[in-house]
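> take this sequence and fold it.
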Amino acid sequence: MMKLKKRFKLKLVKLKDIKFDKSNPNRMSDIKKAGLKKSIDTFGYVDEIVIDKNTKIVANGEHRLRELLDNGETEAEVKVFNFKNEAERRLYRQIANKLSGEHDPQLDKEEFKFLDENDILTDLAEMLGEDEIDFVYDEEEELPELEKNELDVTLTREVKCPKCQHKFEIKKKE
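Predicted coordinates:
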């Protein structure tokens, strides 16, 4: 059995002391930055920034750091790690930015349907920095007013997963 090591130490740090890495290949569009801002405004600062103990250079969370600074924050709890060297810090950055699970298409479809039924699918698009027009297709057409029993109506929306680009149809009986 693997023994888990706690290798990161949480520490309150002055944000002005943290250094950015100009070689960071992770870029974020303005719409994605707006999504990050909305996410932090909605849920708070939930993913800590990771910095190198010796150099104070960001290993993960540069965009979160910029958002905190833009919001006037002066300090935050960050994860501090004693990387062996610059190569290990960059290795960690690549893993932190790229290692994630893959979404099951059927479960994603059910998740999108649930979010749609709770009128927060648009919030998801905004927080992911996705343009709603690219996110939701085949808007429902206006139907004439009819008596309830005259017509069985099923509305269909096509939704694209912003992570894997898989398209799903969500059907809803009216």
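> middle-most residue in this structure, spatially?
L128 (5.2 Å; Cα atoms, centre = their mean).
> from E86, how far off is it?
Noted for L128: a distance of 31 Å to E86, by Cβ to Cβ, to the nearest Å. Bear in mind the C-beta positions are built from the backbone N, C-alpha and C, glycine included.
> where does the protein have its least confident helix or strand?
One helix or strand of the chain scores below all others by mean pLDDT, DSSP states H and E: strand 136-137, with a mean of 35.
> where's stretch 24-42 relative to the chain centroid, distance-wise?
Here stretch 24-42 is found 8 Å from its chain centre; the criterion is Cα atoms, centre = their mean, to the nearest Å.
> please save the CA atoms from that stretch in CSV.
Listed next in CSV are the C-alpha coordinates belonging to stretch 24-42 (Å, rounded to 0.1, in the frame of the first residue of the first chain):
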residue,chain,number,x,y,z
ASN,A,24,4.6,29.7,-18.2
PRO,A,25,2.9,28.3,-21.4
ASN,A,26,-0.6,28.3,-19.8
ARG,A,27,-2.4,31.3,-21.4
MET,A,28,-6.0,32.4,-20.6
SER,A,29,-8.2,34.4,-22.9
ASP,A,30,-10.1,37.4,-21.6
ILE,A,31,-13.4,35.5,-21.6
LYS,A,32,-11.7,32.7,-19.6
LYS,A,33,-10.4,35.3,-17.2
ALA,A,34,-13.9,36.6,-16.8
GLY,A,35,-15.1,33.0,-16.1
LEU,A,36,-12.3,32.6,-13.5
LYS,A,37,-13.4,35.9,-11.8
LYS,A,38,-17.0,34.8,-11.7
SER,A,39,-16.0,31.4,-10.3
ILE,A,40,-13.9,33.0,-7.5
ASP,A,41,-16.7,35.5,-6.9
THR,A,42,-19.3,32.7,-6.6
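> give the buried residues for that stretch.
Neighbour counts over stretch 24-42 (16 or more other Cβ atoms under 10 Å) mark 24, 35-37, 39-40 as buried.
> check stretch 64-72 too.
Of the residues in stretch 64-72, 64-68 count as buried by neighbour count, 16+ other Cβ under 10 Å.
> R90: which of those is nearest?
Comparing the buried residues of stretch 64-72 against R90 with Cβ to Cβ places L65 closest, at 17.0 Å.
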